[in-house]
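Novice: build me a model:
(one chain, ligands or ions: 1)
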Amino acid sequence: MKRSDFAIVGGGIAGLTAAITLERLGIDYRLYESAPELKGIGAGVGLAANAMHAFEYMGLREEIEQLGHHLPSFNLWDEKGEILLKPDTQKIAQTFKQENFVIHRADLHAFLLSKIESSRISLGSRATRFSMENKGVQIGFERQHAAECEKLIIADGVHSTLRQQLIPNSKPRYAGYTCWRATIDNSKLKIDKGIEVWGRKGRFGLSPLVNDRLYWYACINAERNSKEKAAYSVRDLKNVFVGYPDEVQHVLAQTQDSDLILNDILDIKPLKRYAYGSVLLIGDAAHATTPNMGQGACQAIEDAAVMLSVLRKNSTVSDAFTEFENRRLSRTRYIIRQSKRIGDIAQWEHPFAVFCRNSLMKILPYRWSQKPIAKLLNADFMKSN
Ligand SMILES: Cc1cc2nc3c(=O)[nH]c(=O)nc-3n(C[C@H](O)[C@H](O)[C@H](O)COP(=O)(O)OP(=O)(O)OC[C@H]3O[C@@H](n4cnc5c(N)ncnc54)[C@H](O)[C@@H]3O)c2cc1C
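Specialist: Residues are numbered from 1 along each chain as shown. Okay, here's the model as predicted:
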């Protein structure tokens, strides 16, 4: 039976950044990933200042910045194109020492992978269970022999099989809306700003990327696993978003059916623990959140930076895992709850509720509307408790 000091299950952003942390520390590990190939599926991903600071702590910031795009502005509009919120991007960039930054997932994945020894990765390895033994942890797989390790890092995402074995009532929760994403050519459109539109039929957001690409997302209220929505083509989406601002129409006109990626939006109820002796939960497996604050991947990256800090500091791994839990629980809990609240309000459909929300947003003092993001970015997540 194979044995390593650490095992990581899951090769998403959380698993790969955790692997970089272990590489930095010279720790022996293996990473088990169920997919036959590791690549970033999805469209763009926004990395806020906190994620970039975490990358800086890991010594990766400068290289990552070469791969993405700094957004000069990101505004929130109503469906007529009137401004609901216009964050002062320059001031935010000065305060938090980072401009809005977006990157394509595939580019981020490829970069993270390039920092890991490929011989440490086992692809096509779907973990199905684990057991804590006296001398470590045994991991069972779908189609291969079990593996043994001293410490297990669970990073298998929101649907995490291993988390649900550990905490059976931690099933993913459906947020009530489903989300299409696509990456398209921006060479003719030349859209150079980020926009999110809140309307009665749903939300539509878009953001330019490097190399003349652009990604967009659209969230519509729907039943969970809706077969009707799964069959939607670009034409159906054009019908939904008819009357939305020109940018939305242009972007949809440029999109092919084969570009569409559909996901129901999920999170998990905040957990009470992330550390279980020799086992640690990270990333979406630990604290999956709705994407309304753009923080899911950012929090996975923070996890890796905090893991680097606690493993450097503590003499035993169990103490390091406990400190990790103490430093991560309340911050990630806040994000899950706040992000869910924002999504609930953003997805309102009733015309009167939407009218009241939009009217209020137009007169709300700027500082008040920025409170959740300021709370998030002002906190020093690298500080020990
Ligand atoms: C529409 C949308 C938009 C988003 N936008 C943003 C954004 O702008 N900014 C941001 O910060 N976040 C964003 N997020 C959130 C972000 O995508 C996630 O938080 C992040 O990808 C989580 O990474 P992860 O590695 O924890 O999980 P995942 O990406 O889910 O990776 C888990 C990995 O584990 C593997 N796996 C699963 N089960 C097993 C198993 N049993 N055995 C072995 N391997 C397994 C999977 O194949 C996968 O590779 C968005 C999410 C959505 C849905």
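Novice: against which helices or strands is the strand or helix carrying residue 63 packed?
Specialist: Here residue 63 is covered by helix 61-67, with elements defined by DSSP states H and E. Here helix 61-67 touches helix 49-57, strand 100-104, helix 105-114, going by 3 or more Cβ pairs under 8 Å, 6 or more residues apart in numbering; DSSP states H and E. Bear in mind the C-beta positions are built from the backbone N, C-alpha and C, glycine included.
Novice: make TSV out of those and add distance to residue 90.
Specialist: Below are these laid out as TSV (distance: least, Cβ to Cβ, whole Å):
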stretch	distance to residue 90
helix 49-57	13
strand 100-104	11
helix 105-114	25
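Novice: and these as a markdown table, adding distance to residue 208 and mean neighbour count?
Specialist: Output for the helices and strands packed on helix 61-67, formatted as a markdown table (distance: least, Cβ to Cβ, whole Å; neighbours: other Cβ atoms under 10 Å):
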| stretch | distance to residue 208 | mean neighbour count |
| --- | --- | --- |
| helix 49-57 | 18 | 22 |
| strand 100-104 | 8 | 22 |
| helix 105-114 | 14 | 18 |
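Novice: pull up the residues of the stretch 101-250 of the chain that are close to the ligand.
Specialist: Within the stretch 101-250 of the chain, the residues that sit near the ligand (Cβ under 6 Å from any ligand atom) are 125-127, 155-157, 161, 179, 181, 217.
Novice: repeat that with 8 Å
Specialist: 102, 105, 125-128, 141-142, 155-162, 179, 181, 217, 219 (Cβ under 8 Å from any ligand atom).
Novice: ok, and the closest non-adjacent residue to whichever residue of the stretch 101-250 of the chain sits closest to the ligand?
Specialist: The minimum distance from the stretch 101-250 of the chain to the ligand, using Cβ to the nearest ligand atom, falls at residue 157 (2.7 Å). Sequence neighbours aside, residue 284 is the residue nearest to residue 157 in space, at 4.7 Å (criterion: Cβ to Cβ, 6 or more residues apart in numbering).
Novice: tell me the SS of that neighbour?
Specialist: Per DSSP: H, G, I helix; E, B strand; the rest coil, the secondary structure class of residue 284 is helix.
Novice: list the contacts for it?
Specialist: Contact analysis of residue 284 by Cβ atoms under 8 Å, 6 or more residues apart in numbering lists 12, 14, 157-158, 160, 268, 296, 300.
Novice: name whatever forms a beta bridge with residue 179.
Specialist: residue 219, residue 263 (DSSP bridges).
Novice: that one and residue 366: what is the separation?
Specialist: Distance, residue 179 to residue 366, using Cβ to Cβ, to the nearest Å: 28 Å.
Novice: which one's more surrounded, the two?
Specialist: residue 179 (21 against 11; other Cβ atoms under 10 Å).
Novice: and the closest residue to residue 202 other than its chain neighbours, how many neighbours?
Specialist: Spatial nearest neighbour of residue 202, excluding adjacent residues (Cβ to Cβ, 6+ apart): residue 220 at 4.0 Å. The number of residues packed near residue 220 is 21, by other Cβ under 10 Å.
Novice: ok, and the closest non-adjacent residue to the residue in the stretch 1-150 of the chain that the ligand sits nearest to?
Specialist: Here the residue of the stretch 1-150 of the chain nearest the ligand is residue 12; by Cβ to the nearest ligand atom that distance is 2.1 Å. Excluding the flanking residues, the one nearest residue 12 by Cβ to Cβ, 6+ apart is residue 157, at 5.8 Å.
Novice: what kind of secondary structure is the one you found in?
Specialist: coil.
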